[in-house]
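K.L.:
here is my input; please provide its structure:
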Amino acid sequence: MGFLRELTEEYLGSLKYVARIVPREVELPRESPDIVAVVGPRRSGKTFVMLRSVERDLAEGLQALYVPLDEPSLRRLDARRFAEMVREEYREGRVRLYMDEVQDWEDWDSKLRWLHDVKDFQLYVTGSSSALQSSEIPSRLRGRYVSRLVLPFSFREVARAELGAEPSTFRERGALKGLLREYLAWGGFPEVWLYRSREKAVALLETMFYRDIVERHRVREPEALLELAYVVLSSYASPVTWRSLARSLKGLGVEVDAKTAASYVEYMRQAFLVFVVKRFAYSERLRARSPRKVYVVDPAVASLFERPLDLGRRAENVVLVELVRRGCEPGYYVTSRGREVDFAAKCGGSLRLVEVCLEVEEGHVRKVAEAMRELRLREAELVSWDDEDEREVEGGRVRVVPLWKWLLGA
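P.N.:
Below you'll find the model as predicted:
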């Protein structure tokens, strides 16, 4: 067994020491003509997903290697010498290379392009959020990539790990809703969830803030950025404009203009700390001029800024993250009468209208029906805490779905 296969076996062996494994539903493409870039927030499980994929490949008799490029003996290898090392391990046939900490490989972008172009390898790459962010990948790989987003655990992942099958009795449904309350409090970052630890959540957020944002973007006034982050994160799921953020900071004695406020929020977005949602409209000018809504990547972040837990906002945020996880592009919608519906999400070739309301009232139904007429949709969803039924409206229907069921994929 050569050096690269020994490294692979060492890292696969480390999976035995994971205290509790929550099976992930993230699937990396089995075959792709492009480099697969595995992206997502810090400590969300990108390396774990890659190792599990290597393990599966080897079990199926495929040729696969896990390559941690922070290994000192690999950092300065040129692409051809590295390819020779792979061929010493696997003499012929296509080899699947799972390359971690790719930012530590000198001139990694040109080396990856060469490895891709020789057609011997299927490449999967990921790296540190503080040094390699998804916004860099398109320009540096010059169109030779497809990305896969790895987010913290979904509720469905933790529910299947903790409780197993979908509930069928009142006991099982009660246990599931209790688990959902825990999830809304602790979120899905693996270490935070598994240990239910506020200290781990604080440490994670501090690392994301200082390494992935302040150091990564060389922010000259981190105190101003910290104040803005506090305002944004504590008012998640609420409409904001860059001018309103600047005014809020001025009230705190911090002078930041609207352009700088926009840049700071963009840094947070690039670090996968927040999602920025625009208004859904067919007019690009209207979209650009309307307020944004900023959501946090995980309930654990909200828990550090919100006491007591705001169940309604937390549920709305979790639905937003789940829409992103399912590959949708969410926006919020404002009807001609000025009524706001939480999400009008582009999902593939269709538009999905979703309103989150813990207790369904007739006003929610009328508002969603109005949006349906304007958007020419025949179906919409009201996500509740407990209610489940269907409401017939003019030209279509509104499905009322409990939050737990919607998160499980209803």
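K.L.:
geometric centre of this structure: which residue is closest?
P.N.:
Central residue of the chain (Cα atoms, centre = their mean): L151, 3.7 Å from the mean position.
K.L.:
in three-state terms, label it for me.
P.N.:
L151 falls in the coil class when you classify it by DSSP: H, G, I helix; E, B strand; the rest coil.
K.L.:
quick one, strands of the stretch 201-350 of the chain?
P.N.:
With DSSP state E, counting those that start in this stretch as the definition, the stretch 201-350 of the chain shows strands at residue ranges 239-240, 274-277, 292-296, 329-334, 340-347, 350-356.
K.L.:
wait, I meant the stretch 51-200 of the chain
P.N.:
According to DSSP E, counting those that start in this stretch, the strands that the stretch 51-200 of the chain contains are 64-68, 95-100, 121-125, 145-149.
K.L.:
helices and strands of the protein: which one has the lowest mean pLDDT?
P.N.:
helix 137-141 (a mean of 70; mean pLDDT, DSSP states H and E).
K.L.:
circling back to that earlier point, would you mind finding the most buried of the strands of the stretch 201-350 of the chain?
P.N.:
Scoring those by mean neighbour count under mean count of other Cβ atoms under 10 Å gives strand 292-296 as the most buried, with a mean of 23. Where you see a C-beta, it was placed from the backbone N, CA and C, and this is true even at glycine.
K.L.:
can you give me the mean pLDDT across that one?
P.N.:
Summarised as a single mean, pLDDT over strand 292-296 is 98.
K.L.:
ok, stretch 6-15 next?
P.N.:
The average pLDDT within stretch 6-15 is 93.
K.L.:
buried sites along that stretch?
P.N.:
Buried residues in stretch 6-15, counted by 16 or more other Cβ atoms under 10 Å: 7-8, 11.
K.L.:
what's the distance between that stretch and the middle of its chain?
P.N.:
Chain-centre distance of stretch 6-15: 27 Å, with Cα atoms, centre = their mean, to the nearest Å.
K.L.:
okay if I get the strands of the stretch 51-200 of the chain as a markdown table plus mean neighbour count?
P.N.:
Shown next, in a markdown table, are the strands of the stretch 51-200 of the chain (neighbours: other Cβ atoms under 10 Å):
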| stretch | mean neighbour count |
| --- | --- |
| strand 64-68 | 22 |
| strand 95-100 | 23 |
| strand 121-125 | 24 |
| strand 145-149 | 17 |
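K.L.:
columns mean pLDDT on top of the ones you listed, output as a markdown table?
P.N.:
Shown next, in a markdown table, are the strands of the stretch 51-200 of the chain (pLDDT from 0 to 100):
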| stretch | mean pLDDT |
| --- | --- |
| strand 64-68 | 97 |
| strand 95-100 | 97 |
| strand 121-125 | 96 |
| strand 145-149 | 89 |
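K.L.:
which of these sits closest to N317?
P.N.:
Nearest to N317 among the strands of the stretch 51-200 of the chain is strand 145-149 (16.9 Å), distances taken as Cβ to Cβ.
K.L.:
relative to strand 121-125, how tilted is that closest one?
P.N.:
Between the axes of strand 145-149 and strand 121-125, defined by axes from the mean of the first three to the mean of the last three Cα atoms, to 10 degrees, the angle is 40 degrees.
K.L.:
show residues contacting strand 145-149.
P.N.:
Residues from elsewhere that reach strand 145-149 (Cβ atoms under 8 Å, 6 or more residues apart in numbering): 26, 28-29, 32, 34-40, 134, 137-138, 324-325.
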